[in-house]
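Chemist: Got a predicted model here, sequence first, then my questions.
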Amino acid sequence: MNKFFKLEERGTTVSREFIAGLTTFLSMAYIIFVNPNTLGASGMDTGAVFTATILAAAVGTLIMGLYANFPVALAPGMGMNAFFAYTVVLMMGYSWQQALAGIFVSGILFIILSATGLRELIINSIPTSLKHAVGTGIGFFIAFLGFQNSGIIVNNDATLVGIGNFTDPNVLITVIGLIVTLILLVRKTPAAIFIGMIVTAVVGIFLGVVDLPTQIIAPIPSLKPTFGALFEALPSIFTAEMIPVIFSFLFVDFFDTAGTLMAVGSRAGLVNEKGHLVDGDKALLADSTATVIGSVLGTSSTTSFVESLTGVEAGGRTGLTSVFTALCFLVMLFCSGLLSVVTSAVTAPALITVGILMASSLGDIEWKNLETSIPSFVTIIMMVLGYSIAEGIASGFLLYPIMMVAARREKEIHPVMWVLSVIFLIHFVLA
């Protein structure tokens, strides 16, 4: 084990890796219950999604640990699950099977990018500010969903949206849970979001808006409703309207993974003197493979979680950390009885908190550079007001070359950005 994971070489031990793996798991365990709740809005069987979420996380994390030897855990990503359910299915009208097929294709494209030199080409073609704008916009979008699902923000015929009724018990438990979560976050508690969900559920039970679980340990829900469901829908997704959706799945997964791996790798001492990740290609390939596997099982894009940083801070330095995290996920397969406790109000604090963390990229946008800050702003605002991550990306990426030409900087536009602009223009024309 020492030789395989290079424990001694990286200055760690089995016990330290175990503590790190457990810490990482507790920091991201909320996804086990948030993901079925989110994807369930699209009509998917929540029990099957529960099982698919855990298996996708466990398998993806094991691949990352055993193949790439990275202390990084994977699971269906926040943001992509919301985009999957609320935009692609509920707003655009695609079936959840077609949405899974889109995830599958994006995963295959991700594998191709990871295995070829196209990876660097794509990374270098998109302006840094636009990359940060996408992450920020998704953060605002997720937070908006949390406010909406809890009833804090409601429909208002005069102003489109308005403040809800704070005497409503569901709104009340969300507010209490959110405050507790944010306090824990500020105090740097590793499992802040997960603990916040538990507190929200307990308060909800006390107020009578959340039912006590009839059982915690329960049979593993069947994967049958979602397993392989994408293949029947696969031929129907190769349309002009679906291309921007597939690209949005790919773009967010690709850049989110690259950013997370670099952040975790830097903190774990896995960046060489040239500033490159040690075995970074293997880590990207592990992530992209996990997305494909997850889509077959029946869940949205499986990606590297930045919460892995908590495990690194606890001493994790090798893939053994990931192996222990994966084992923790597998144990949760027998806890589906808790699904009945996790209502929209219970998951809302988690959505809002994750949104806050993702929106931190706002400060990395070059606001004084109007050629990039204008399309960055449009990307963010259109995601929220247009209720669509894809429409936000399309609007910003289409506006970027126009602003660059206006500033007489058209020679600085990468050819890839021109191609993407044409694709998004066709999307708007056909929409």
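Modeler: Arrived safely, thanks for sending.
Chemist: list the contacts for the spatially most central residue of the chain?
Modeler: For the chain, Gly77 is the residue whose C-alpha lies nearest the centre (C-alpha atoms, centre = their mean; 2.4 Å). By C-beta atoms under 8 Å, 6 or more residues apart in numbering, the contact set of Gly77 is Val252, Asp253, Asp256, Ser300, Ser301, Thr302, Thr303, Phe305. No exception for glycine: its C-beta is placed from N, CA and C like everyone else's.
Chemist: can we see that at 7 Å?
Modeler: Asp256, Ser301, Thr303 (C-beta atoms under 7 Å, 6 or more residues apart in numbering).
Chemist: wait, the second one sits on Thr291?
Modeler: Put plainly, it is Ser301. Yes: assessed by C-beta atoms under 7 Å, Ser301 is found in contact with Thr291 at 5.1 Å.
Chemist: what's the overlap in contacts for those two?
Modeler: Ile103, Asp253.
Chemist: State the phi and psi torsions of the residue nearest to the centre of the chain.
Modeler: phi -80, psi 140 (degrees, to the nearest 10).
Chemist: ok, now how distant is it from Thr12?
Modeler: 27 Å (C-beta to C-beta, to the nearest Å).
Chemist: Same check on Pro71?
Modeler: Distance from Pro71 to Thr12, by C-beta to C-beta: 9 Å.
Chemist: Which one of these two is surrounded by more residues?
Modeler: Pro71 (35 against 22; other C-beta atoms under 10 Å).
Chemist: where does the stretch 301-431 of the chain have low pLDDT?
Modeler: Flagging of the stretch 301-431 of the chain using pLDDT under 70 yields the residue ranges 430-431.
Chemist: where along it do the helices fall?
Modeler: With helices called from DSSP state H, counting those that start in this stretch, the stretch 301-431 of the chain shows them at 308-313, 319-331, 344-358, 370-385, 389-406, 415-430.
Chemist: Among those, which comes closest to Val186?
Modeler: helix 344-358 (11.1 Å; C-beta to C-beta).
Chemist: Show residues contacting that closest one.
Modeler: 30, 33-34, 37, 78-79, 135-136, 138-140, 142-143, 145-147, 149-150, 170, 173-174, 177-178, 181-182, 185, 193, 196-197, 200-201, 204, 209-210.
Chemist: what about the longest helix in this protein?
Modeler: helix 243-267 (DSSP state H).
Chemist: Let me know how buried Asp168 is, in neighbour terms.
Modeler: Count around Asp168 with other C-beta under 10 Å applied: 16.
Chemist: Let the chain start at 3 from now.
Modeler: Sure thing, new numbering starts at 3, so read that last one as Asp170.
Chemist: how much space between it and Pro129?
Modeler: Taken as C-beta to C-beta, the span from Asp170 to Pro129 is 43 Å.
Chemist: if I look at Ala84, how far off is Ala285?
Modeler: In terms of C-beta to C-beta, Ala84 sits 25 Å off from Ala285.
Chemist: The two: which is more packed in?
Modeler: Using other C-beta under 10 Å as the criterion, Ala84 and Ala285 rank with Ala285 on top: 29 against 25.
Chemist: which SS class is the more buried one?
Modeler: Here Ala285 is recorded as helix under DSSP: H, G, I helix; E, B strand; the rest coil.
Chemist: just checking, it touches Thr262?
Modeler: No: here Ala285 lies out of contact with Thr262, judged by C-beta under 7 Å, at a distance of 9.6 Å.
Chemist: what about Gly271, how many residues close to it?
Modeler: 11.
Chemist: cool, and Leu41?
Modeler: 30.
Chemist: can you check Asn157 too?
Modeler: So Asn157, with other C-beta under 10 Å, has 10 neighbours.
Chemist: show me the contacts for Pro78.
Modeler: So Pro78 contacts Ile33, Asn37, Thr55, Ala58, Gly296, Thr301, Ser302, Ser303, Thr304 (C-beta under 7 Å, 6+ apart).
Chemist: Does Thr48 touch Pro38 like I think?
Modeler: Yes: between Thr48 and Pro38 there is a contact under C-beta under 7 Å: 4.2 Å.
Chemist: Which one's more surrounded, these two?
Modeler: Remark: of Thr48 and Pro38, Pro38 carries more neighbours, 28 against 21, as counted by other C-beta under 10 Å.
Chemist: hey, C-alpha coordinates of the helix or strand containing that one in CSV?
Modeler: Secondary structure assigned from DSSP states H and E places Pro38 in helix 33-41. Coordinates of each C-alpha in helix 33-41 appear next as CSV, following Å, rounded to 0.1, in the frame of the first residue of the first chain:
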residue,chain,number,x,y,z
ILE,A,33,-25.1,15.8,-2.1
ILE,A,34,-26.5,12.3,-1.4
PHE,A,35,-29.8,13.9,-0.4
VAL,A,36,-29.7,17.2,-2.3
ASN,A,37,-29.2,15.5,-5.7
PRO,A,38,-32.3,13.2,-5.6
ASN,A,39,-34.4,16.1,-4.4
THR,A,40,-33.1,18.3,-7.3
LEU,A,41,-33.3,15.7,-10.1
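Chemist: what about Lys5, how many neighbours?
Modeler: 8.
Chemist: Give me the three-state assignment for it.
Modeler: helix.
Chemist: From Leu322, how far out is it?
Modeler: Taking C-beta to C-beta, one finds Lys5 at 12 Å from Leu322.
Chemist: Excluding residues flanking it in the chain, which one is nearest Leu400?
Modeler: Phe426 (4.6 Å; C-beta to C-beta, 6 or more residues apart in numbering).
Chemist: That neighbour: what's it in contact with?
Modeler: Pro246, Ala396, Phe399, Leu400.
Chemist: Can you tell me which of those residues is nearest Gly109?
Modeler: Pro246 (16.9 Å).
Chemist: ok, now how distant is the closest one from Asn83?
Modeler: 18 Å.
Chemist: From the contacts of Phe426, pick the one nearest Tyr69.
Modeler: When the contacts of Phe426 are compared against Tyr69 (criterion: C-beta to C-beta), the nearest one is Pro246, at 31.7 Å.
Chemist: Quick check: that closest one touching Glu393?
Modeler: No: counting by C-beta under 7 Å, Pro246 stays clear of Glu393, with 8.4 Å between them.
Chemist: so what sits against both of Pro73 and Thr14?
Modeler: By C-beta under 7 Å, 6+ apart, the residues touching both Pro73 and Thr14 are Arg319, Thr320.
Chemist: averaged over its residues, what pLDDT does stretch 102-111 have?
Modeler: For stretch 102-111, mean pLDDT rounds to 97.
Chemist: what's the answer for stretch 36-45, then?
Modeler: 96.
Chemist: mind checking the end-to-end distance for that stretch?
Modeler: 15 Å (C-alpha to C-alpha, to the nearest Å).
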